[in-house]
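[1] This is a predicted model, with the sequence first.
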Amino acid sequence: MTNTRQAQPVLEAQGISKHYGGVVALDDVNLTLYEGEVLAVVGDNGAGKSTLIKALTGAIPRTSGVIRFDGQEVQIDSPSDAKAAGIETVYQDLALVNEISITKNVYLGREIVRSDWLGRVFGVLDFKKMDAEIRDLFAKLDVRIADIYRDAQAFSGGQRQAVALSKTVLFGKRIAILDEPTAALGVRESKMAMDLVRSLKDHGLSVIMITHNMEHVLNYCDRVMVLRLGRLVAERDVKDVDGDTLVGLITGATSAEVKA
Amino acid sequence: MSQVQNSSTSVSTPGNAASSFDLFKHSFMQIWQVVAALAIIYTFFFVMSPPFRSLDTLLSIFGQASILAILACGTTIVLISGGLDLSVGSIFAVVGVAVGIFLAEWGLSPVAAVGLGLLIGAGLGALNGAIQVVTKVPAFIVTLGGLTAYKGVAEILASGRDLSRFPDAFRFLGTGNVTPVIIMFGAAILTGLFLTKTRLGSRAFAIGGNEEVARLSGVPIAKSRIYYYMLGGLLAGLAAVIEVSKLNFAMPARGQSYELYAIAAVVIGGTSLFGGRGGVGKTLLGMLIMQTIIVGLSYMGIGTSYQRIAIGAIIIMAVYWDVWRRSAR
């Protein structure tokens, strides 16, 4: 956890910019994610955090910027491209559809169809297989969902977030990107969610996490990058910073050179 | 809805035998309310009107419901996906006239005529979807345009033509109350299987529930929507085929306001107008409620205009009940 710099970079994004007309939401931001680390992205409201991950995952078109995956340049122009590259994203408030079951939510967009002709011709779903895989997954991650057939709406914020995070283990081959995974959660549920985030790396995932919670940065993350007004203003190992310094960097009270 | 709390506190049960029962109970409760409403309404007319009490009446309720119910199966798919198709009544008219021409003028075999008619219905529905996806003009406007334009097409096609007296091999489809009702159940079962068992169908609930989540999950929204409208058009076409067969003539005035009756049945059955929730079984029940009221009021000597007022009131009550239930939760 301390020597992340010696690990291989799995994702390198260079010169990422996003302009909305004359408004610069994101200005030439570089991001490097190393194998097996949890990288926090912090910043005030409007600093460009969500814009950055949306630009990284193809949810919005970039104005400019290059993305390399394992050193190879990749084209990521849509959420599907990102998924194909092994990047799984959990968007704040946009993780689950309330009206459909947990099973259908987990597999939404990647449903498993039966291997017989019914599956091939009509796309008939293989619920048996999906249900079994979900139960295995939830057991492995200690996610407690009593009834996977029930609509997502019926579950607490913590359970919903746990389901969304589980999706990253099931489908994210390399990278999980999380947009404020604890934004809507209480204290106990936040801790559960963050323990789950931390365990993602045991499942081979490198994690980028947007957060407003400095305690989570200090206790659960390996590195932190600070955005302010669309620019990268600092990048630190978590062991080298404290909460006050981070808040200073976020608000601009503390000026800093970006470390390489 | 009241089981919400126990789900969030109970511990994971990997076996999940109890959960399947929960699911059953969950959906049963909702559909049970609609069944109860239908039973109450049927009983009311049963008590009020002696001639209503025959088996023939019951059959004729199903028979009268069948054509609109087939069309409403398509409306159910489109509404669940968060869409709206106001043009299906006019698609119905085009397909009816087209099938009439195929049979009466071109002398095509019934199978070919019906097949071509269904293709036209599916094509016009798909066109509605494609125009929305490409132009981003809202469904309401695009299909309002379709409502008028397709009606015009049907009138042009039919003008100066006598489209009647079709072969017996075609006429059996819509004759009597039995065949149309069997076709209605067939269409409803297939629609139900599509919505609950297939990838494309199950995605309709996700797109209608939260299109942005579905998009971010990698669901191809545009393509899926075009398919839903296509199926809506196909089922409107099938309904038209049955009606042309039943009436033994085709004319462009048929199908008028059918889209509104279909939407009414879907809403009375409890499918959300805003997408994401619903089912075709509910639509059938909604249609039966509507037809029971229409037939029952006729038996009591209450005229068409008053029946319309009653149906209008029922639509508002059904939605009000739904809103009230949600807020009371």
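    Nice, I can see it.
[2] Is it correct that A:E12 falls within a helix?
    No. Going by DSSP: H, G, I helix; E, B strand; the rest coil, the assignment for A:E12 is strand, not a helix.
[3] What residues are bridge-paired with the residue nearest to it when sequence neighbours are not counted?
    Nearest non-adjacent residue to A:E12, counting by Cβ to Cβ, 6 or more residues apart in numbering or on different chains: A:R68, 4.4 Å away. In short, each C-beta sits where N, CA and C put it, glycine included. Bridge pairing for A:R68 (DSSP bridges) gives the partners A:E12, A:E73.
[4] Please report the distance of A:R68 from A:F171.
    Distance, A:R68 to A:F171, using Cβ to Cβ, to the nearest Å: 21 Å.
[5] okay, the two: which has more neighbours?
    A:F171 (18 against 15; other Cβ atoms under 10 Å in any protein chain shown).
[6] Verify the contact between the more buried one and A:V90 for me.
    No. A:F171 is beyond contact range of A:V90, at 11.0 Å (criterion: Cβ atoms under 8 Å).
[7] Enumerate the positions of stretch A:105-114 that are buried.
    Using 16 or more other Cβ atoms under 10 Å in any protein chain shown as the test for burial, stretch A:105-114 gives A:N105, A:V106, A:Y107, A:L108, A:G109, A:R110, A:E111, A:V113, A:R114.
[8] could you give the mean pLDDT of it?
    What stretch A:105-114 shows for mean pLDDT is 94.
[9] Can I get that stretch in PDB, CA atoms only?
    C-alpha atoms of stretch A:105-114 as PDB (Å, rounded to 0.1, in the frame of the first residue of the first chain):
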ATOM      1  CA  ASN A 105     -30.100  -4.500 -12.200                       C
ATOM      2  CA  VAL A 106     -26.800  -6.400 -11.800                       C
ATOM      3  CA  TYR A 107     -27.000  -7.800 -15.300                       C
ATOM      4  CA  LEU A 108     -28.500  -4.800 -17.000                       C
ATOM      5  CA  GLY A 109     -26.800  -4.300 -20.300                       C
ATOM      6  CA  ARG A 110     -25.000  -7.600 -20.000                       C
ATOM      7  CA  GLU A 111     -27.800 -10.100 -19.500                       C
ATOM      8  CA  ILE A 112     -26.900 -13.800 -19.800                       C
ATOM      9  CA  VAL A 113     -29.100 -15.500 -22.400                       C
ATOM     10  CA  ARG A 114     -29.800 -19.200 -22.500                       C
END
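[10] Which residues does that stretch contact?
    Contacts of stretch A:105-114 with the rest of the structure, by Cβ atoms under 8 Å, 6 or more residues apart in numbering or on different chains, involve A:80, A:83, A:96-97, A:100, A:104, A:119-120, A:123-126, A:129-130, A:133-134, A:137, A:152, A:163, A:166-167, A:170-171, B:199, B:202-203, B:206, B:213-214, B:217-219.
[11] who's in contact with B:I221?
    B:I221 sits in contact with B:I207, B:E211, B:A214, B:R215, where contact means Cβ under 8 Å, 6+ apart.
[12] Just say helix, strand or coil for the residue lying closest to A:L11 once chain neighbours are set aside.
    Using Cβ to Cβ, 6+ apart and skipping the chain neighbours, the partner closest in space to A:L11 is A:L33 (4.2 Å). When classified by three-state DSSP, A:L33 comes out as strand.
[13] do A:M209 as well
    When the rule is three-state DSSP, A:M209 gets the label strand.
[14] what does A:V226 give?
    strand.
[15] go on, A:A234?
    strand.
[16] so it sits right up against A:M225, yeah?
    Yes. Taking contacts as Cβ under 8 Å, A:A234 lies within contact range of A:M225: 7.1 Å.
[17] Pick out whichever of those two has more residues nearby.
    Using other Cβ under 10 Å as the criterion, A:A234 and A:M225 rank with A:M225 on top: 25 against 22.
[18] In contact with B:S298, which residues?
    Per Cβ under 8 Å, 6+ apart, neighbours of B:S298: B:Q307.
[19] Check the gap between it and chain A for me.
    Remark: distance between B:S298 and chain A (Cβ to the nearest Cβ, to the nearest Å) = 38 Å.
[20] now do B:T179
    Noted for B:T179: a distance of 26 Å to chain A, by Cβ to the nearest Cβ.
[21] Number of residues surrounding that residue?
    Residues within reach of B:T179, counting by other Cβ under 10 Å, total 18.
[22] C-alpha coordinates for stretch A:198-211, PDB please?
    The C-alpha trace of stretch A:198-211 is given here as PDB (Å, rounded to 0.1, in the frame of the first residue of the first chain):
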ATOM      1  CA  ARG A 198     -11.200  -1.600   0.100                       C
ATOM      2  CA  SER A 199     -11.900  -5.200  -0.600                       C
ATOM      3  CA  LEU A 200     -12.200  -4.600  -4.300                       C
ATOM      4  CA  LYS A 201      -8.500  -4.600  -4.700                       C
ATOM      5  CA  ASP A 202      -8.400  -8.200  -3.300                       C
ATOM      6  CA  HIS A 203     -10.500  -9.000  -6.400                       C
ATOM      7  CA  GLY A 204      -7.900  -7.600  -8.800                       C
ATOM      8  CA  LEU A 205      -9.400  -4.100  -9.200                       C
ATOM      9  CA  SER A 206      -7.700  -0.800  -9.100                       C
ATOM     10  CA  VAL A 207     -10.000   1.900  -7.900                       C
ATOM     11  CA  ILE A 208     -10.600   5.600  -8.600                       C
ATOM     12  CA  MET A 209     -13.000   7.100  -6.000                       C
ATOM     13  CA  ILE A 210     -14.500  10.500  -5.900                       C
ATOM     14  CA  THR A 211     -15.300  11.600  -2.400                       C
END
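[23] Please see if it touches chain B.
    No. Shown here: stretch A:198-211 not in contact with chain B (Cβ under 8 Å from any Cβ of the partner chain), separated by at least 15.2 Å.
[24] Report the buried residues of that stretch.
    Neighbour-count burial for stretch A:198-211, counted by 16+ other Cβ under 10 Å, picks out A:L200, A:K201, A:L205, A:S206, A:V207, A:I208, A:M209, A:I210, A:T211.
[25] pLDDT at the last one, what is it?
    Per-residue pLDDT puts A:T211 at 92.
[26] Near chain B, which residues of the stretch 1-150 of chain A? Just list them.
    A:59, A:79-80, A:83, A:89, A:91, A:94-100, A:104-105, A:108-111, A:113, A:122-125, A:135, A:138-139, A:143-150.
[27] phi, psi of A:V124?
    Main-chain dihedrals, A:V124, degrees, to the nearest 10: phi -70, psi 130.
[28] need the contact list for it.
    A:V113, A:R114, A:L118, B:K197, B:T198, B:R199.
[29] What are the boundaries of the helices in chain B?
    Assigned by DSSP state H, chain B shows helices spanning B:4-9, B:17-48, B:55-80, B:88-104, B:110-135, B:139-158, B:168-171, B:178-197, B:199-209, B:211-216, B:221-247, B:258-269, B:280-299, B:304-328.
[30] I'd like the contacts of B:I221 written out as TSV, with neighbour count added.
    Putting the contacts of B:I221 into TSV (neighbours: other Cβ atoms under 10 Å in any protein chain shown) gives the following:
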residue	neighbour count
B:I207	26
B:E211	18
B:A214	26
B:R215	20
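[31] Kindly identify which of those also come near chain A.
    B:A214, B:R215.
[32] would you list the contacts of B:I221 in a markdown table and tack on pLDDT?
    Listed next are the contacts of B:I221 as a markdown table, based on pLDDT from 0 to 100:
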| residue | pLDDT |
| --- | --- |
| B:I207 | 97 |
| B:E211 | 95 |
| B:A214 | 95 |
| B:R215 | 92 |
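[33] Redo the contacts of B:I221 as JSON lines? Include distance to B:I156.
    Compiled in JSON lines, these are given as follows (distance: Cβ to Cβ, whole Å):
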{"residue": "B:I207", "distance to B:I156": "35"}
{"residue": "B:E211", "distance to B:I156": "36"}
{"residue": "B:A214", "distance to B:I156": "39"}
{"residue": "B:R215", "distance to B:I156": "39"}
